Structures are given as structure tokens and as C-alpha cells.
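>>> Sequence isn't available, so here's the structure alone:
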């Protein structure tokens, strides 16, 4: 077995942990069963969740047995960790649908077949659904001193501001019971999660110690932020990058990694890539020597897009990126990929019928500041329509120029891309 902890330390992936020496001895003694939980608070997981999914994958590749838990029960309650106000509770039907979808998302990253350390997927509704309130209070609640619960930072901050319902107050008991139940059912002795989960993780380990007299362990990853201080996995406008291709297109997903700042890319490679230390250090060196080539960004974008969306989607995204910048045939791109690519650039919508002039489209798309600016771009030879240089300020696209009968690709210079879509009705 590989020394997974040594690798995690090098990747700066350990924020908090129970006794690392004890954990290292436990991991070295043989396959350890560990778990991470994912609550269905949205129809899809996002980039922040990807860190935890990949932690399970790293442990499995190191020879250990991962369990992915989807919170069919805890998703009905809502974790108060990091929240300044009470969550809005979703219906049972909504949560059940999200559980099924998220279960499938997590499953794609783990190996379930023909390996000694095959992964397992569970829902905590399996053991809480039939439990009575009396059983829960007697078997779990009696092990949680109220004074210790009130001292938890999450509880203290909420009680000083908006307050907290008993529903959210009890969340830590439910998550702790999950750890205990997975120990009983699968011999699980390690739980991983984000640093905001530290209190929940250690409460579960403490419950196992109190009830079973066994030392269980917890390990958290640091909160990941970008060098400019903004939240990782968010667009400039605050929108989330999802793992579901219907919510965040593979093209936008690829561009997120490709556009990573130079000062972020080393950290991103360590946290997300499965490349070796030597490979990552070589990529960083190449990035320092030739920053304009964006070698480390390109490598990570290809690796992550392939991991999340598959090799086929990655090939289509790369083809679209090349074609948009004049290095490939636009008419060979499928409609969905082209539409996704143009959704990420300045864009104009026009009604069916006669198309406006290229000058008008350059201005209305935002690619040029005004019509005079657009005319200047054309006269200086820096305006392109579907990768063909626009020769005249009076040029008007023909209906035959429309890609898939509805799109035009505009470009100003080498790097500035814009789009036009014919919108019917």
C-alpha cells in the first residue's frame, strides 16, 4: 500500500486530523474502510464537492475501501455548518430525486467491481427511516452533553444572531450516528470531509468511542480559495460550476481550469490532479518558463474534463476551442458543443430574417464598443466572421453562413471571440 498520508501532506490536503501517527499505523496495517457524506441540497454536486469525491478515489487507489454516503435523511434536515440562517427544507420527493442523481455522480469516480477494496454507496435514510424518535433519543441523544453542543462554534454563532431550530441543532447527532452505523455495518474507522465539518466528524468519532470503545479517526481538507480571495468553483458573477453537464457545460467546465491564474495553478494541480509529484513539478516548471503557453492549465483542464465528463466530451471541447480561434473547422462542431462555447463569450441575439451587417453585429455583441470601433476593426483587418477575414465595412452575413442554421462566430484579432444566435419567437 502507498503512504496516502504522505501524499496528502505534500498536496496540502490535510487541514485537521485526529492523531496522524495512529492513523498512519492504522492505514499501514491493512485496508481501512473510510467514508465521506454528500447531502442532496441541490440537483447536482459542484466543484467544491469534487475535492471530497477525489479524496475517496485517492484512498481507494492507495488500497483502502471507500464508502460514498448520500444523505437521504440528513438532506431532509440541513447541515447548519457555515450557514448564517436556517435552510429552507425541501420536500421528500425533491430530496429523493436529488439523492438518486448524486448517488450516480459519486459512483462514477469509484471502482465497484473486481477489486478487493471495492467501493460501496449508501444512503443514511436506510437506517434512520425506520427509527423511532424514542430510539433515537435513547440510543444516540444520551451520548451528547448539551453543554458541549452549545459550545460548538456553529451553534454559538447562530444563537448570537439568527438563532437555530432544534431540527438543525440535532444535525450533528444524525451525522455522528452515520459514522457509528457504518462502523457497525462495514468496519468503517475513518471519515473525511471539508474543514467546516470538523466538529461533525469528531463528534462521530467520539460517539464510536463512547458506544463501542473503539478509536475512530477524522480528517478534513482545507477550504480552497483562489489567490484573489474569491471562492473556488464560482464564476465572477457568483454562479456555481456544477458537475452535471446540463447545469455547467463541459466547455465551460474546461475553460474554468484553462483560465486558472498562474498563481493558482500549482495549488489546483496538487489538490485535483492524479499526476505524480514529479509530473506536477515538471508542469509547474514549464508554466514558469513559458507562461503564455499555459501548459499546466491545459493539462489540468484536459485531465479534469476527462475525469468528470469523459474523453469524448474533452475531445469535442478541445476541437471547439481550437476552431473558435481559427485553428479548426467550425462547421465540424456539433450544435450542442458550439452552443455551449458561444454561451461563454459576448453574444448578440437576432430575429429570423435578413441579418444585420457584420459591423452591427460586432457592436451589438459587445465585441466592439461601438459601430465606429467595429468599422475600425474591419478596416485594420482584425475582424473575422466564421474565421474568414471580413474585407468590407458593408459586409452582411448570408443565410448560408449560419452554422447549424442559427449561429455565427465573430472574432476580433487573435483572442477576442463573440457570437450571434438567431432566436425564433
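Great, that's in hand. Just so you know, these numbers come straight off a predicted model, no measurement behind them.
>>> drop to CA atoms for contacts and neighbour counts, all remaining ones
Noted.
>>> Next, the closest residue to residue 95 other than its chain neighbours: phi, psi?
Spatial nearest neighbour of residue 95, excluding adjacent residues (C-alpha to C-alpha, 6 or more residues apart in numbering): residue 40 at 6.2 Å. With angles defined as degrees, to the nearest 10, residue 40 sits at phi -80, psi 80.
>>> what's the spacing between residue 40 and residue 127?
Counting by C-alpha to C-alpha, to the nearest Å, the gap from residue 40 to residue 127 is 17 Å.
>>> Between these two, which has more neighbouring residues?
Counted by other C-alpha atoms under 10 Å, residue 40 and residue 127 do not tie: residue 40 has more neighbours, with 27 against 13.
>>> Now do the helix or strand of the chain with the lowest mean pLDDT: which elements does it pack against?
Least confident helix or strand of the chain, by mean pLDDT, DSSP states H and E, is helix 153-159 with a mean of 85. With contacts defined as 3 or more C-alpha pairs under 8 Å, 6 or more residues apart in numbering; DSSP states H and E, helix 153-159 has no helix or strand neighbours.
>>> do you know how far the most centrally placed residue in the chain is from residue 37?
What sits nearest the mean C-alpha location of the chain, by C-alpha atoms, centre = their mean, is residue 47, with 1.2 Å. From residue 47 across to residue 37, the span is 15 Å (C-alpha to C-alpha).
>>> now residue 376
Distance, residue 376 to residue 37, using C-alpha to C-alpha: 56 Å.
>>> more neighbours, these two?
Using other C-alpha under 10 Å, the more surrounded residue of residue 376 and residue 37 is residue 37, with 23 against 16.
>>> doesn't the more buried one fall inside a strand?
Yes - counting by DSSP: H, G, I helix; E, B strand; the rest coil, residue 37 is part of a strand.
>>> ok, for the residue nearest to the centre of the chain, nearest residue in space, not its chain neighbours?
Of all residues not flanking residue 47 in the chain, residue 233 sits nearest, at 5.4 Å (C-alpha to C-alpha, 6+ apart).
>>> got the contact list for that neighbour?
Listed by C-alpha atoms under 8 Å, 6 or more residues apart in numbering, the contact set of residue 233 reads 46-48, 240-241.
>>> Which ones among those map onto strands?
Among those, no member falls in strands (DSSP state E).
>>> Need the nearest residue in space to residue 293, chain neighbours excluded.
Of all residues not flanking residue 293 in the chain, residue 287 sits nearest, at 7.3 Å (C-alpha to C-alpha, 6+ apart).
>>> Reduced to three states, what does that neighbour come out as?
Classification of residue 287 by three-state DSSP places it in helix.
>>> and it, how many neighbours?
Close neighbours of residue 287, defined as other C-alpha under 10 Å, add up to 19.
>>> Same check on residue 134?
Using other C-alpha under 10 Å, the number of residues around residue 134 comes to 10.
>>> Now for residue 415, how many residues are close by?
Residue 415 has 9 nearby residues by other C-alpha under 10 Å.
>>> swap in residue 205?
By the other C-alpha under 10 Å criterion, the neighbourhood of residue 205 contains 24 residues.
>>> Not counting its neighbours along the chain, what's nearest it?
residue 216 (5.1 Å).
>>> just checking, the one you found touches residue 208?
Yes - Residue 216 lies in contact with residue 208 (C-alpha atoms under 8 Å); the separation is 6.8 Å.
>>> When these two are compared, which one has more neighbours?
Comparing residue 216 with residue 208 by other C-alpha under 10 Å, the one with more neighbours is residue 216, at 27 against 23.
>>> who are the neighbours in contact with the more buried one?
Neighbouring residues of residue 216 by C-alpha under 8 Å, 6+ apart: 189-190, 205-206, 208-209.
>>> could you redo those as TSV and give each row pLDDT?
TSV is the format used below for these (pLDDT from 0 to 100):
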residue	pLDDT
189	98
190	98
205	97
206	97
208	98
209	97
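>>> got JSON lines for those residues, with secondary structure and distance to residue 273 too?
Output for the contacts of residue 216, formatted as JSON lines (DSSP: H, G, I helix; E, B strand; the rest coil; distance: C-alpha to C-alpha, whole Å):
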{"residue": "189", "secondary structure": "strand", "distance to residue 273": "26"}
{"residue": "190", "secondary structure": "strand", "distance to residue 273": "23"}
{"residue": "205", "secondary structure": "helix", "distance to residue 273": "29"}
{"residue": "206", "secondary structure": "helix", "distance to residue 273": "33"}
{"residue": "208", "secondary structure": "helix", "distance to residue 273": "33"}
{"residue": "209", "secondary structure": "helix", "distance to residue 273": "35"}
